[in-house]
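Asker: Pasting the sequence and the predicted model now:
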Amino acid sequence: MKKIFLILLLVIFIIPTYPSAETSNHLKAAFIRGDDLWLKLGEKEIKLTNGEYVRFPKWSSDGSLVAYIKGDQKIDYPLFDGELWLYNLKFKKHFKVATKVNNEFQWSPTDNKIGFIVEKTLYAYRIDSNLSSKVATNIENFSWLPNGKGFLTSAKESAQLDSDLILSKITLSTNFNKPKISQFYTVPVNENEYFVSTSPFKWSADKKWISFLLVPTASLSADGNTLCILSSDRKTFQRTGEMLKYNEWFQWAPSKSVLGYISGVGREATSNKQLKFVSVPNFMKKMVTPPGYVDRDLVWANNHLLYVSRSKESKWIALNQRPLPSLYTVNRKTNGQKRITFPSKQEGDFRPQVFQDQLVWIRTDSKTTNILVTPTSHLKEKIWIKNIDTSSPYYDRWNWDEVFHLFGAN
């Protein structure tokens, strides 16, 4: 009996153990179902609105609040602006902040402040004092500075299409009433170029580099935008590639000055979309998508490993014949690539995201959409959230930010 006990004890210590998929208990998400706002806290679902039309849920940096856009009516195209509302999880209350708010509103990365644009006017709102202040006018786009103390903004120098784009640094005062505005950099726009705006801005981990898109007039921006990298000391500026106007399609590595992005012009997500890397300061480029395939989403797991949503490349054919993507791992250093998910032929896997030890992604057949999760240490997928709303498609690219936001994800 003692011998048997010792053998069992050895088996317990020798056989490796893995975290269960149930570790999703520490995940939380805001999502849209039936046009209403819901929360998923571990395995618990909470419905927050009833009979509304809600889109673009976004968590505050500490996870205590969710912001969202509420529309006046149901529509078949993306909700570009609407009423900005906040939900306070502690007090279980909703409150309206402003109307006609652009859907690219942003939480501060450091505390509970939110920036938003109404008809090209930038506002900042403080939760603790319920104070909303006008920051600047004629703003095309913006992002919070990494320290949360102000903004980097873009604006046209004049009404002419080929006028330069002015990037400005705005520092907020304690009460927001007297922001300090200084010109940061002038992006030259050449004759016969029609750049009218930028995307939001993204900083490298060491805060020495800033990436953003130059965005042309609406009809042109659907097919191509120019990816740029600017050093924070303003000494180096380079246009580095062409890509579509999807903010999640360009991302810095977690702690390296390497930018991963999905390159390629043409609005169809099923053709000419390749994952590339550009390293700074040498601006060396590398493309890793195999011939005959396209990459349609990406996320860094660490400085070398990425998850991508990848499908076979296809011409613009009938909807039911277009190939749908699966998830792959890509090792930037070794170029090793491996398929890791196997949805049915009628389903596709999109928008991989990583939080701590969990990989989260979206699986859809264009009608039914679920959120799946697996530990990153080993693949044991399960459905975490069933039947969220399917976002608006545009040439086989879905804007999942409309209907889903995972707290803390990279």
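Answerer: All right, it came through fine.

Asker: can we go C-alpha only for contacts and neighbour counts from here?
Answerer: Fine.

Asker: List the beta-bridge partners for R239.
Answerer: In this entry, R239 is beta-bridged to C228, by DSSP bridges.

Asker: Wait, it touches N225, no?
Answerer: No - when contacts are counted by Cα atoms under 8 Å, R239 is not listed as touching N225 (10.4 Å).

Asker: out of these two, which sits in the busier spot?
Answerer: A direct count of neighbours by other Cα atoms under 10 Å for R239 and N225 places N225 higher, at 26 against 14.

Asker: I'd like the distance between the more buried one and R397.
Answerer: Shown here: N225 relative to R397, a distance of 16 Å by Cα to Cα, to the nearest Å.

Asker: next one: P179
Answerer: If you go by Cα to Cα, the gap between P179 and R397 works out to 38 Å.

Asker: what helices or strands is the helix or strand harbouring F56 leaning on?
Answerer: Element membership of F56, judged by DSSP states H and E, is strand 54-59. Secondary-structure packing of strand 54-59 (3 or more Cα pairs under 8 Å, 6 or more residues apart in numbering; DSSP states H and E): strand 28-33, strand 36-41, strand 65-70, strand 404-406.

Asker: can you list those in CSV and add mean neighbour count and distance to F116?
Answerer: Listed next are these as CSV, based on neighbours: other Cα atoms under 10 Å; distance: least, Cα to Cα, whole Å:
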stretch, mean neighbour count, distance to F116
strand 28-33, 24, 19
strand 36-41, 20, 20
strand 65-70, 24, 11
strand 404-406, 23, 18
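
Asker: Tell me which of those approaches N247 most closely.
Answerer: With Cα to Cα as the criterion, N247 lies closest to strand 404-406 of the helices and strands packed on strand 54-59, at 14.3 Å.

Asker: I'd like the average pLDDT over the closest one.
Answerer: Over the span of strand 404-406, the pLDDT mean works out to 98.

Asker: what's in contact with that strand?
Answerer: With Cα atoms under 8 Å, 6 or more residues apart in numbering as the contact definition, strand 404-406 has outside contacts at L27, K28, A29, A30, F31, I32, F56, P57, K58, W59.

Asker: List the buried residues for stretch 336-353?
Answerer: Taking 16 or more other Cα atoms under 10 Å as the neighbour-count basis, stretch 336-353 is seen to contain the buried residues Q337, T341, E347, G348, D349, F350, R351, P352, Q353.

Asker: brain fart, stretch 368-381
Answerer: T369, N370, I371, L372, V373, T374, P375, T376.

Asker: Hmm, the second one is touching I385, no?
Answerer: Pointing back at N370 there. Yes - contact status for N370 versus I385: in contact at 5.7 Å, counting by Cα under 8 Å.

Asker: Quick check: S219 is in a strand.
Answerer: No - secondary structure of S219 (DSSP: H, G, I helix; E, B strand; the rest coil): helix, not part of a strand.

Asker: would you turn the contacts of strand 404-406 into TSV with distance to P291 and pLDDT?
Answerer: Written out in TSV, the entries for those read as follows (distance: Cα to Cα, whole Å; pLDDT from 0 to 100):
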residue	distance to P291	pLDDT
L27	36	96
K28	37	97
A29	36	98
A30	37	98
F31	35	98
I32	36	98
F56	35	97
P57	36	98
K58	36	98
W59	38	98
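
Asker: In terms of distance to N272, which of those residues ranks first?
Answerer: With Cα to Cα as the yardstick, the closest approach to N272 among those comes from F56, at 28.1 Å.
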